[in-house]
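A.B. asks: model this:
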Amino acid sequence: MIIPYICLKLYFNTLLNLIMTKIGERISLLRKKKGWSQTELAKKTGASREAIGKYERNEAAPAIDTAKKIADALEVTLDYLVEENGLPTFDKKTVNRIQKIQMLDETEKGHVYAMLDAFLLKCSIQNNIAS
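C.D. replies: Residues are numbered from 1 along each chain as shown. Got it, this is the predicted structure:
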């Protein structure tokens, strides 16, 4: 009975460490990308500078409400801070635009997609010419 408990505890501790590492690395990366100090991020989120430092060094994991405040301040989604696969995230403006596009009727969506496709094709051609 003790062996399954130890295995389960080890599994959850490993999982928590992986999540904390991702959170810490992402908080640090996004904060630096914005040119903010830990103190500035702390002021924007209501956390202490010491707590932000601990999150970034993976010495502690933020509570869910604190993680949400950090995500909001850094203009990313909360799931990005804890997402396992580490794919890039959309900023809040992009997410809002995507949500607005989803509310359009199919004809209007078609127009938006056609403009977007044309723009992306133009950029791709320009990049190919430049390289």
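A.B. asks: Centre-most residue in this structure?
C.D. replies: Tyr80 (2.8 Å; Cα atoms, centre = their mean).
A.B. asks: in the protein, which spans are helices?
C.D. replies: All helices of the chain, identified by DSSP state H, fall at 2-33, 38-45, 49-56, 64-73, 78-82, 92-102, 106-130.
A.B. asks: how about JSON lines for those helices, with mean pLDDT added?
C.D. replies: Output for those, formatted as JSON lines (pLDDT from 0 to 100):
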{"stretch": "helix 2-33", "mean pLDDT": "64"}
{"stretch": "helix 38-45", "mean pLDDT": "97"}
{"stretch": "helix 49-56", "mean pLDDT": "96"}
{"stretch": "helix 64-73", "mean pLDDT": "93"}
{"stretch": "helix 78-82", "mean pLDDT": "80"}
{"stretch": "helix 92-102", "mean pLDDT": "83"}
{"stretch": "helix 106-130", "mean pLDDT": "88"}
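A.B. asks: circling back: correct me, but the residue nearest to the centre of the chain touches Ala71?
C.D. replies: Yes. In this structure Tyr80 lies within contact range of Ala71 using Cβ atoms under 8 Å: 7.0 Å. Every residue, glycine included, has its C-beta placed from N, CA and C.
A.B. asks: Common neighbours of those two, please.
C.D. replies: Here Tyr80 and Ala71 share no contacting residue, scored by Cβ atoms under 8 Å, 6 or more residues apart in numbering.
A.B. asks: Pro62 - how many residues pack around it?
C.D. replies: 23 (other Cβ atoms under 10 Å).
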